[in-house]
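K.L.:
Sharing a sequence plus its predicted fold:
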Amino acid sequence: MTILAIDLGTTNSACAIWRDGEAVSIPNRLGDLLTPSVVGVDERGEILVGRAAKERLITHPSQTVAVFKRLMGTSHRVQVARQEFTAVELSSLVIKSLKEDAEAFLGYPVEQAIVSVPAYFNDNQRFATKKAGELAGLKVDRLVNEPTAAAMAYGLHEKKEGTFIIVDLGGGTLDVTVLEFFEGVMQVHSSSGDNFLGGEDFVDAMVEAALSRAECRKSELSAVELHQLQMKMETVKRRISGPAQKVSYLAAGKPQEITVDTEWFTKVVTPLLVRLQRPIENALRDAGIPAREIDEVVLVGGSTKLAAVRSSVGKLFRRLPACSIDPDFAVVRGGAVQAGLADKDAALDDLVLTDVCPFTLGIDSVGMADGQFFPVYSPIIERNATVPVSRVERFSTVEDGQAEIRVRVFQGENRQTSKNVFLGSLNIPVPRNKAMKEAIDVRFSYDMNGILDVDVTVISNGKKYNKVIKNSPACLTEEDIKKSLDRLCKLKFHPRDAEINRSLLAKGERLYESSLGEERDMISQLMTQFEAVLDRQNDIEIAKARKAFQEKLEQFDMEEWL
């Protein structure tokens, strides 16, 4: 049975199959290999997908929607004409269109699929993607990380061995993966990324710069004016390496004109190029591999066609990136390779793939400082652990007579548990005893499909409890949001809110999120100690603690991988 590989992109989507020992891209009904990820509703109430919908973005902006991939995993609903859709529903319409194109191309029904997702998608977003495939009438056998898929396409195409870094910059997301390819084994060492950095952001930056020159805010533009300007800037972006271009546009009804050249473009997108570097640095740091030991830098994703992006990445590694495969199709071709693996194709018998868990998985627990308990996030599986993976940690009761331990499972990198993604919980009965006398072992097992198996064992009586987490938790309701806002409004000014203290804590958070193991624990301890001093609100004590805290953070920040 044929397994369809789908690259569900922010800007464009594509599909392919593995046939006769190679990846075969499938054209849509218009003969194009890329289908715009755009959905619209026409005057008759009929759904439009792809190029037909994209053409109406300017003329019918209220009846057309794009860039909805960024809403995956949320409960946000988008108004399209008189109907409301979730990102899952909109994505399912794109997938259904690809499915129909594949069936027309192949001449028989397609029931199974492998869908690529950004490596930095959390479990909510992955579940939403899988649900979109199911709504389109497909059984999604597996989700494959986009940079890993691209690496598979590149590794098979070039037949090279060595250590690679894949920089995947698409329309809406950035993924960076460090991996090694040796004797048919492709091992992912680390993944990092930014779910809100892509080609759409480059266009937005150009739009904002043009409006700033016209002394006009985006909110002052009509929907038609905004879409017209966005489309023009998208066209200019694609031709930016050529001669200077004049762009005429309307801003709040007034004619405007701006000349765009390479120098202007580079200046406008420089902040985005700076953002591009941090995930690359994080991926190298997590892999424990300095830039000089990377054998090949591979660029994939349509946005890497920009000379400014290639130059920025090239400067980091002091070499020209590899671009032997069309960046637009590397992911879907790699997805087809994964489909061949799933179908046990003989041409792929010698290929073995390993991947990593892109986010830390842990539980909320408590620590102690100055005789007081405080909440902490306790990682069990740290990010970039090779999957499948299983890890266990032990936790104890904190109160005399405690009869239950609630195990709440989270995903994320923030040391404040509440800022991570809640996945589920278990209530574990324990014998009543003195504090610290009862304990449980919490084991997390995580696989390539994003399924988390939680096993809890009570040490004193051997009783075992289990929960399989494979779906999305409920999102915040309007009432929850209102309660949160009400609580925030009642907060008083505290020393921790002073700008210098906030900046130091923010630096600590950044270092914590980009570190692992003992270094992460040390940074967490330093932050906890500093926060405890701030809570005592003694200005002299705070000044002394701040100086020591700053010096320690600078020591951690001095470590360089590039």
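P.N.:
Perfect, I can see it now. All figures in this text were calculated on a predicted structure; none of them were measured in a lab.

K.L.:
got any ranges where this protein has weak pLDDT?
P.N.:
With pLDDT under 70 as the threshold, the chain has low-confidence stretches at 155-160, 183-184, 343-354, 448-449, 470-499, 536-540, 559-562.

K.L.:
Show me what the lengthiest helix in it packs onto, helices and strands only.
P.N.:
Looking only at the chain and at elements set by DSSP state H, the helix with the highest residue count is helix 262-287. Counting by 3 or more C-beta pairs under 8 Å, 6 or more residues apart in numbering; DSSP states H and E, the packing neighbours recorded for helix 262-287 are strand 162-169, strand 174-182, strand 185-194, helix 199-213, helix 307-317. (C-beta placed from N, C-alpha, C; glycine too.)

K.L.:
between the ones you listed, which one is nearest to Glu551?
P.N.:
Comparing these by their distance to Glu551 (C-beta to C-beta), the top pick is strand 185-194, with 27.5 Å.

K.L.:
In that closest one, which residues have enough neighbours to count as buried?
P.N.:
Within strand 185-194, the residues scored as buried using 16 or more other C-beta atoms under 10 Å are Met186, Gln187, Val188, His189, Ser190, Ser191, Ser192, Gly193, Asp194.

K.L.:
my guess is the third one contacts Arg383, does it?
P.N.:
Okay, so that is Val188. No - at 11.9 Å, Val188 and Arg383 do not qualify as touching, with contact defined as C-beta atoms under 8 Å.

K.L.:
Name the residues contacting each of these two.
P.N.:
Both Val188 and Arg383 are contacted by Val356, under the criterion C-beta atoms under 8 Å, 6 or more residues apart in numbering.

K.L.:
follow-up on the earlier one: output the helices and strands packed on helix 262-287 as JSON lines; include the columns distance to Thr10.
P.N.:
Rendered in JSON lines, the data for the helices and strands packed on helix 262-287 read as follows (distance: least, C-beta to C-beta, whole Å):
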{"stretch": "strand 162-169", "distance to Thr10": "11"}
{"stretch": "strand 174-182", "distance to Thr10": "11"}
{"stretch": "strand 185-194", "distance to Thr10": "12"}
{"stretch": "helix 199-213", "distance to Thr10": "7"}
{"stretch": "helix 307-317", "distance to Thr10": "16"}
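
K.L.:
Just give me the closest of the buried residues of strand 185-194 to Gln79.
P.N.:
The nearest one, if we look at those relative to Gln79 and count by C-beta to C-beta, is Asp194, at 27.5 Å.

K.L.:
out of everything not next to it in sequence, what's closest to that closest one?
P.N.:
Nearest non-adjacent residue to Asp194, counting by C-beta to C-beta, 6 or more residues apart in numbering: Leu174, 4.4 Å away.

K.L.:
who touches the one you found in this structure?
P.N.:
With contact taken as C-beta under 8 Å, 6+ apart, Leu174 is in contact with Tyr120, Val167, Asp168, Gly193, Asp194, Asn195, Leu197, Gly198, Leu276, Pro279.

K.L.:
switch to 7 Å and redo it
P.N.:
For Leu174, the set of contacting residues under the criterion of C-beta atoms under 7 Å, 6 or more residues apart in numbering consists of Gly193, Asp194, Leu197, Gly198, Leu276, Pro279.

K.L.:
Next one: it from Asn124, what distance?
P.N.:
Plainly put, Leu174 is 19 Å away from Asn124 if you go by C-beta to C-beta, to the nearest Å.

K.L.:
before we move on, what about Asp20?
P.N.:
Asp20 sits 38 Å away from Asn124 when distances are taken as C-beta to C-beta.

K.L.:
The two: which is more packed in?
P.N.:
When Asp20 and Asn124 are compared on other C-beta atoms under 10 Å, the one with more neighbours turns out to be Asn124, at 19 against 7.

K.L.:
Ramachandran coordinates for the more buried one?
P.N.:
The phi/psi pair for Asn124 (degrees, to the nearest 10) reads phi -60, psi -40.

K.L.:
ok, and the closest non-adjacent residue to it?
P.N.:
Spatial nearest neighbour of Asn124, chain neighbours left out: Gly73 (3.6 Å); criterion: C-beta to C-beta, 6+ apart.

K.L.:
Using the three-state scheme, assign that neighbour.
P.N.:
Recorded secondary structure, Gly73: coil (DSSP: H, G, I helix; E, B strand; the rest coil).

K.L.:
To which secondary structure element type does the residue positioned nearest the centre of the chain belong?
P.N.:
Here the mean C-alpha position of the chain is nearest to the C-alpha of Tyr120 (C-alpha atoms, centre = their mean), at a distance of 2.9 Å. Taken by three-state DSSP, the conformation at Tyr120 corresponds to coil.

K.L.:
Would you mind measuring from it to Arg310?
P.N.:
If you measure Tyr120 against Arg310 using C-beta to C-beta, the figure is 22 Å.

K.L.:
Could you do Glu225 as well?
P.N.:
Relative to Arg310, and taking C-beta to C-beta, Glu225 is found at 32 Å.

K.L.:
So between the two, which is more surrounded?
P.N.:
Neighbours of Glu225 and Arg310, each counted by other C-beta under 10 Å, are more numerous for Glu225; the result is 20 against 17.

K.L.:
How many residues are close by the closest residue to that one other than its chain neighbours?
P.N.:
Taking C-beta to C-beta, 6+ apart, and ignoring the residues beside it in sequence, Glu225 has Leu250 as its nearest neighbour in space, at 4.9 Å. Leu250 is flanked by 17 other residues according to other C-beta under 10 Å.

K.L.:
Surely Leu250 is in a helix?
P.N.:
No - assignment of Leu250 by three-state DSSP gives strand, placing it outside any helix.

K.L.:
Bridging across strands, which residues link to it?
P.N.:
Pro255 (DSSP bridges).

K.L.:
what's the answer for Val178, then?
P.N.:
Val178 has these beta-bridge partners by DSSP bridges: Ile165, Ser190.

K.L.:
just checking, it touches His189?
P.N.:
Yes - using C-beta atoms under 7 Å, Val178 and His189 qualify as a contacting pair, with a distance of 4.6 Å.

K.L.:
List the residues that are in contact with both of these two.
P.N.:
Going by C-beta under 7 Å, 6+ apart, residues that sit against Val178 and also against His189 are Ala287, Ile289.

K.L.:
rewinding a little: relative to Arg502, which of the helices and strands packed on helix 262-287 is closest?
P.N.:
When the helices and strands packed on helix 262-287 are compared by C-beta to C-beta, strand 185-194 sits nearest Arg502, at 22.5 Å.

K.L.:
Summarise which helices and strands that closest one is packed against.
P.N.:
Contacts of strand 185-194 with other secondary structure elements, assessed using 3 or more C-beta pairs under 7 Å, 6 or more residues apart in numbering; DSSP states H and E, are made with helix 146-158, strand 174-182, helix 262-287, strand 352-357.
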